[in-house]
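Novice: A predicted structure for the sequence below; I have some questions about it.
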Amino acid sequence: MKRLRIDFPQKDFFVSVFGRDAYVVGGTVRDRILYGKAVAEQDVDLLVTGLGYDEIESRLRGHGKTDTVGKSFAVIKFSRRGRTFDIALPRRDRKKEGGAHGHRDIEVQSGPEVTLEEDLGRRDFTCNSIAVRLADGAVVDPHRGLEAIAGRRIAMTSPASFSDDPLRVLRAARFASSHDFAVNKAIYAKARKVPLGGLSAERVADELLRLLLESPRPSLGLQEYLRLTVLDQLFPELAVLALTIQDALFHPESDEQGHHSVWAHTLITVDIAAKLARQQRLDEPRALALLLAALLHDCGKAVTTAWEFKRGRMTVTSPLHDSRGVKLAGGLLERLRIETRQGFPLRRIVLKLIQQHHRIFELYRNRGEITFRAVARAVKDMDGEDRLLLLLDFADRRSRAARPLAFRKPDAIARWFSERKEEYRISQETIRPLILGRDLLALGVPAGRQMGVHLKRLYDLQLDGAFRTREQGLAIFRAGRRQKEGESK
């Protein structure tokens, strides 16, 4: 029997409580084999055989805090020494009679009569259907998961029950992307017959966001979305991009068949954005904003692309695709109920990035005429997240390079914008409105619509560089009011 040593700080406690009935299962085992790294406590998936739910809880009682919130799915949450573990019972999953395709239509059966092998048999892919006994490291691998991991491939554990949980189609893409695995061809045939419409928006969004965040090259998973009909069923705004051409002169990038499609450009742009997010050490919400914007920035091309005679030849153009893209992307994000992330206005910033994704390059192209005003307004219009705009602009342009991922840092255009910001001393702090309503109230201006007009005019003047201090702004306001009063006499 093969053995695999899996250690984590509280392992001995679980062995002392459950003996040879305690196992590590699923992704914990897969990642230990794949990457050979130490297992963190929060990454451990535990399973206890031969015992009922109440008996497991009883044995844990007094050693920590138990939470039975997951009882319907045969899971006990157990907290000890500042860590929380999910401890599962072996279970069988069966699709309810007449149920639709979704998690809520799965009937869970668990208990001491369910064997470890039965539990492993109901899991999604063979690479996740391996268990390791904590007491001695014995490996239980009834579905040849070790072979699949060695060959870096994703294969169904049970073709007969694969479609009972349609989320497995999306997970196949995520695992392929995050671990660089090849998807078994049988999964493509099965996926075409699996309706995905019954999945909740939250689960679909979670899979998409995890794919983007966890993959060194998200394009691998996104391309699997296309092959697995996920795009057709859940993201039609993206599916059509694979059939939308771009001008080959301006967009030399192409897919494996040589097609210069918007989808080919999008995939490369997302991979560049993923590399930038790591390089720039973006926090999770901003990394997601950049990645989602890269994924959706050109979705408007599907409804705006046309032939045009331009510069002496027929050219493929997509006028106003940024503004049309905002509407399409907004609908997709709303459908997935993506609004905020850790308090960050994710949806709003993504849409701003899409609307303005050409702005940095346009400023650079007209750099001889650019003043404080243009740079200040670019920062203001992005609510201070202009760094993300700069990175998206670079990713969009870099996608056309012969080796798009062979870069160490953003290019001269990105540096130019950063240098102009520094030269003009522009930041979110320095472009906050200097004149507020209370300042005008002190000068006798009554609250109301007219005050709003005055405040907007003063802020426009501030962004134009007409004044840099509150006192200067109030002096301009007083002078204007005196002039108006003189004209009225």
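Specialist: Nice, I can see it.
Novice: Neighbours of the closest residue to residue 128 other than its chain neighbours, how many?
Specialist: Leaving aside its sequence neighbours, residue 128 sits nearest to residue 26 (Cβ to Cβ, 6 or more residues apart in numbering; 5.0 Å). In short, each C-beta sits where N, CA and C put it, glycine included. Neighbourhood size, residue 26 [other Cβ atoms under 10 Å]: 24.
Novice: My read is that residue 26 contacts residue 123, right?
Specialist: Yes: using Cβ atoms under 8 Å, residue 26 makes contact with residue 123 at a distance of 6.9 Å.
Novice: before we move on, the earlier item: now the residue nearest to residue 128: how far from residue 203?
Specialist: Using Cβ to Cβ, to the nearest Å, we find residue 26 at a distance of 18 Å from residue 203.
Novice: And the strands in the chain, which stretches?
Specialist: Applying DSSP state E to the chain gives strands spanning 22-25, 45-48, 65-67, 75-80, 83-88, 91-95, 106-110, 131-133, 139-140, 153-154, 182-183, 306-310, 313-317.
Novice: and the spatially most central residue of the chain, what is it in contact with?
Specialist: With distances taken as Cα atoms, centre = their mean, the chain has residue 209 as the residue nearest its mean C-alpha position (3.0 Å). Contacts of residue 209 were listed using Cβ atoms under 8 Å, 6 or more residues apart in numbering, and they are 288, 338.
Novice: and the gap between residue 389 and residue 25?
Specialist: Taken as Cβ to Cβ, the span from residue 389 to residue 25 is 44 Å.
Novice: make that residue 357, sorry
Specialist: With Cβ to Cβ as the criterion, residue 357 and residue 25 are 44 Å apart.
Novice: And residue 470, by the same measure?
Specialist: Distance from residue 470 to residue 25, counting by Cβ to Cβ: 63 Å.
Novice: The two: which has the busier surroundings?
Specialist: residue 25 (23 against 14).
Novice: what sits against the more buried one?
Specialist: 45-47, 88, 119-120, 130-132.
Novice: What residue spans form the domains of this structure?
Specialist: 1-153, 437-488 (automatic domain parsing).
Novice: what sits against the closest residue in space to residue 52 that isn't next to it in sequence?
Specialist: Using Cβ to Cβ, 6+ apart and skipping residues adjacent in sequence, the residue nearest residue 52 is residue 112, 5.3 Å away. Counting by Cβ under 8 Å, 6+ apart, residue 112 touches 49-52, 55.
Novice: where does stretch 475-484 sit relative to the chain's centre, distance-wise?
Specialist: Relative to the chain's own centre, stretch 475-484 is displaced by 50 Å; criterion: Cα atoms, centre = their mean, to the nearest Å.
Novice: One more: stretch 159-176?
Specialist: A distance of 19 Å separates the centroid of the chain from that of stretch 159-176, by Cα atoms, centre = their mean.
Novice: sorry, back to before: let me know the pLDDT of the residue nearest to residue 52.
Specialist: Residue-level confidence at residue 112 comes out at 90, pLDDT.
Novice: separation between it and residue 88?
Specialist: Counting by Cβ to Cβ, the gap from residue 112 to residue 88 is 13 Å.
Novice: Equivalent analysis for residue 199, please.
Specialist: Relative to residue 88, and taking Cβ to Cβ, residue 199 is found at 22 Å.
Novice: Over to residue 145?
Specialist: Counting by Cβ to Cβ, the gap from residue 145 to residue 88 is 18 Å.
Novice: what bridges to residue 307?
Specialist: residue 316 (DSSP bridges).
Novice: which one is residue 182 nearest to, not counting chain neighbours?
Specialist: Closest to residue 182 by Cβ to Cβ, 6+ apart is residue 153, at 4.9 Å.
Novice: which of the strands of the chain sits most buried?
Specialist: Of these, the one with the most neighbours on average (mean count of other Cβ atoms under 10 Å) is strand 22-25, at a mean of 24.
Novice: what about that one, average pLDDT?
Specialist: 96.
Novice: Just give me how far it sits from the chain centre.
Specialist: With Cα atoms, centre = their mean, you get 30 Å for strand 22-25.
Novice: And for stretch 460-469?
Specialist: Distance, centroid of stretch 460-469 to centroid of chain: 38 Å (Cα atoms, centre = their mean).
Novice: In CSV, list the C-alpha atoms belonging to it.
Specialist: C-alpha atoms of stretch 460-469 as CSV (Å, rounded to 0.1, in the frame of the first residue of the first chain):
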residue,chain,number,x,y,z
ASP,A,460,-14.4,72.6,-12.4
LEU,A,461,-12.1,75.7,-11.9
GLN,A,462,-10.1,73.8,-9.3
LEU,A,463,-9.6,70.9,-11.7
ASP,A,464,-8.6,73.3,-14.4
GLY,A,465,-5.8,74.5,-12.1
ALA,A,466,-7.4,78.0,-11.6
PHE,A,467,-6.6,77.8,-7.9
ARG,A,468,-4.8,75.5,-5.5
THR,A,469,-6.0,76.7,-2.1
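Novice: OK, contacts around the residue lying closest to residue 158 once chain neighbours are set aside?
Specialist: Of all residues not flanking residue 158 in the chain, residue 121 sits nearest, at 5.9 Å (Cβ to Cβ, 6+ apart). Taking Cβ under 8 Å, 6+ apart, we find residue 121 in contact with 129, 142-143, 157-158.
Novice: These: which two are farthest apart?
Specialist: Farthest pair in those (Cβ to Cβ) is 142 and 158. Separation: 11.2 Å.
Novice: if I look at the residue nearest to residue 158, how far off is residue 412?
Specialist: Taking Cβ to Cβ, one finds residue 121 at 57 Å from residue 412.
Novice: Next: residue 223.
Specialist: Between residue 223 and residue 412 the computed distance is 31 Å (Cβ to Cβ).
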